[in-house]
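Novice: here are the coordinates; sequence isn't available:
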């Protein structure tokens, strides 16, 4: 039998030819990206351990503040480099390093070459960039896009079949106010007088979203308040009166929003829309544990819940949820970038635990850094190759089985889950 490392290399090279569904991204449309100024530092900035390392001037390093207007890229690199030397071995930096290595032949960024790299990036920042990286190199057939509020994107900015948007219901409900209710009344020519009429208009709006290319809804994995019709009516009346209750947030929805999230989960089943779920890592991740939505999963057995990010750090709880609940699937988007080692370990376990039609292995989760999508894809393929090689070496599967699973994890599963 060939050694495991040789097997990994062989698997990796074959997996590079497998078609891909990017199962979660935030990428802005190309026409927006090509109007941006891009430099090498910007590729390291969306996901960065700078603040964790103690850096307090990330805005200056990134060139986002007024004080940076007259600074050269070399001057900004001088500020960045001491911190980069503390974080460059982490996975947040690795995808950029992979892109620079494979596309530009550069293994080390420094003050002496940061301008050259930045000029190449800007030179290539033109129409055709997405086709070159996403379609021709990464074999991505379709992306599932969460339009990012930081860039003022909505689902209407994604009209084609390559980038398929979802709607983040948790944020949509959090931002609900008197003005937005009046807009819905005008748009749908229907008076909203109570919660039932609000739900009726919400249903009409959702049906319109479907016609506008929306393929899924998204919520956060938070604890919902118990049903309380009296309090829900009180909160709704406050909104109609133009008053903000002040008690709601995306990670702690009030009684009204909790009830409406349940309503959207019900309608999602009726309309055959999966519900994507942000779970785990980010901010106070304790509030986003995947187990928080077990009551929803049980209440709506016909609704498909696709749990993102393996619920990191709750990866084993997440795996058990995928095993125990038929309506739960496991989306490993962003996971390679958080930790290749961690994902390698829990994916090995997930193959032991979970039916293989429930795992999606790749979603780059970037806003504008399309170059890093390539690096992230390479990291995901490396993980698949390592895990499959282990399984082959342990005589749990053979080579053809591994390629079959790679095709499922990268393409067939997300395609089926999101009805593509």
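Specialist: Structure's in. What do you need? Remember, predicted model here, so these are calculated numbers, not experimental data.
Novice: residues in contact with residue 338?
Specialist: Residue 338 sits next to 91, 281, 309, 312 when contact means CB atoms under 8 Å, 6 or more residues apart in numbering. (Glycine included, C-beta is placed from N, CA and C.)
Novice: which SS class is the second one?
Specialist: For residue 281, the secondary-structure state derived from DSSP: H, G, I helix; E, B strand; the rest coil is coil.
Novice: okay, the closest residue to it other than its chain neighbours: pLDDT?
Specialist: Excluding the flanking residues, the one nearest residue 281 by CB to CB, 6 or more residues apart in numbering is residue 312, at 4.5 Å. Note on residue 312: pLDDT of 98.
Novice: what about residue 312, how many neighbours?
Specialist: Neighbour count for residue 312, taken as other CB atoms under 10 Å: 23.
Novice: One more: residue 125?
Specialist: Residue 125: 17 surrounding residues under other CB under 10 Å.
Novice: what do you get for the one 3 residues further on?
Specialist: By the other CB under 10 Å criterion, the neighbourhood of residue 128 contains 11 residues.
Novice: right, and the pair among the contacts of residue 338 with maximum separation?
Specialist: Maximum pairwise distance among the contacts of residue 338 (CB to CB): 13.3 Å, between 91 and 309.
Novice: neighbour count winner among those two?
Specialist: residue 309 (29 against 20).
Novice: Settle this for me: the more buried one is touching residue 277, isn't it.
Specialist: No - between residue 309 and residue 277 there is no contact under CB atoms under 8 Å: 9.3 Å.
Novice: who touches the nearest residue to residue 228 once chain neighbours are set aside in this structure?
Specialist: Nearest non-adjacent residue to residue 228, counting by CB to CB, 6+ apart: residue 255, 4.7 Å away. Contact analysis of residue 255 by CB under 8 Å, 6+ apart lists 225-228, 231-232, 235.
Novice: export these to TSV and tack on distance to residue 31, pLDDT and secondary structure?
Specialist: Converted to TSV, those look like this (distance: CB to CB, whole Å; pLDDT from 0 to 100; DSSP: H, G, I helix; E, B strand; the rest coil):
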residue	distance to residue 31	pLDDT	secondary structure
225	42	96	coil
226	46	96	coil
227	45	96	coil
228	46	97	coil
231	45	95	helix
232	42	96	helix
235	40	94	helix
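Novice: Narrow those to just the buried residues.
Specialist: The neighbour-count criterion (16 or more other CB atoms under 10 Å) marks 225, 231-232, 235 among those as buried.
Novice: Flag every buried residue along stretch 133-152.
Specialist: 133-134, 137-148, 151.
Novice: Sort out which one of these lies nearest residue 322 for me.
Specialist: Checking these one by one against residue 322 (CB to CB), the nearest turns out to be residue 144, at 18.5 Å.
Novice: Mind listing the residues bridging to the closest one?
Specialist: Bridge pairing for residue 144 (DSSP bridges) gives the partners residue 164.
Novice: Test my guess that it contacts residue 214.
Specialist: No - counting by CB under 8 Å, residue 144 sits too far from residue 214 to count as a contact (10.6 Å).
Novice: Could you tell me which residues touch both of the two?
Specialist: Shared contacts of residue 144 and residue 214, counting by CB under 8 Å, 6+ apart, come down to 164-166.
Novice: follow-up on the earlier one: sort out for me which of the contacts of residue 338 are in helices.
Specialist: Secondary structure defined by DSSP state H assigns residue 91 of the contacts of residue 338 to helices.
Novice: Turn the contacts of residue 338 into a markdown table, including distance to residue 7.
Specialist: A markdown table is the format used below for these (distance: CB to CB, whole Å):
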| residue | distance to residue 7 |
| --- | --- |
| 91 | 23 |
| 281 | 31 |
| 309 | 28 |
| 312 | 27 |
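Novice: which one of the contacts of residue 338 is nearest residue 109?
Specialist: Closest approach to residue 109 among the contacts of residue 338 (CB to CB): residue 91, at 16.8 Å.
Novice: for the stretch 51-200 of the chain, what spans make up the strands?
Specialist: Listed in chain order, the strands of the stretch 51-200 of the chain (DSSP state E, counting those that start in this stretch) span 140-145, 163-168.
Novice: Serialize those strands to JSON lines and add fields for distance to residue 116 and mean pLDDT.
Specialist: Shown next, in JSON lines, are the strands of the stretch 51-200 of the chain (distance: least, CB to CB, whole Å; pLDDT from 0 to 100):
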{"stretch": "strand 140-145", "distance to residue 116": "28", "mean pLDDT": "98"}
{"stretch": "strand 163-168", "distance to residue 116": "31", "mean pLDDT": "98"}
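Novice: closest to residue 375 out of those?
Specialist: Taking these one by one with CB to CB, strand 140-145 is closest: 13.8 Å.
Novice: Which elements pack onto that closest one?
Specialist: Under the contact definition 3 or more CB pairs under 8 Å, 6 or more residues apart in numbering; DSSP states H and E, strand 140-145 sits against strand 20-25, strand 163-168.
Novice: among these, which is the most enclosed?
Specialist: With neighbours taken as mean count of other CB atoms under 10 Å, the helices and strands packed on strand 140-145 reach their highest mean count in strand 20-25, at a mean of 27.
Novice: Sheet partners, orientation included, of it?
Specialist: Next to strand 20-25 in the sheet, as set by DSSP bridges, lie strand 140-145 (parallel).
Novice: What angle do strand 163-168 and the strand it pairs with make with each other?
Specialist: 20 degrees (axes from the mean of the first three to the mean of the last three CA atoms, to 10 degrees).
Novice: so how far is residue 373 from residue 13?
Specialist: Applying CB to CB, to the nearest Å, the value for residue 13 to residue 373 is 20 Å.
Novice: Would you state the helices of the stretch 101-250 of the chain in chain order?
Specialist: Counting by DSSP state H, counting those that start in this stretch, the stretch 101-250 of the chain has helices at residues 114-123, 129-130, 169-174, 178-188, 195-211, 229-240.
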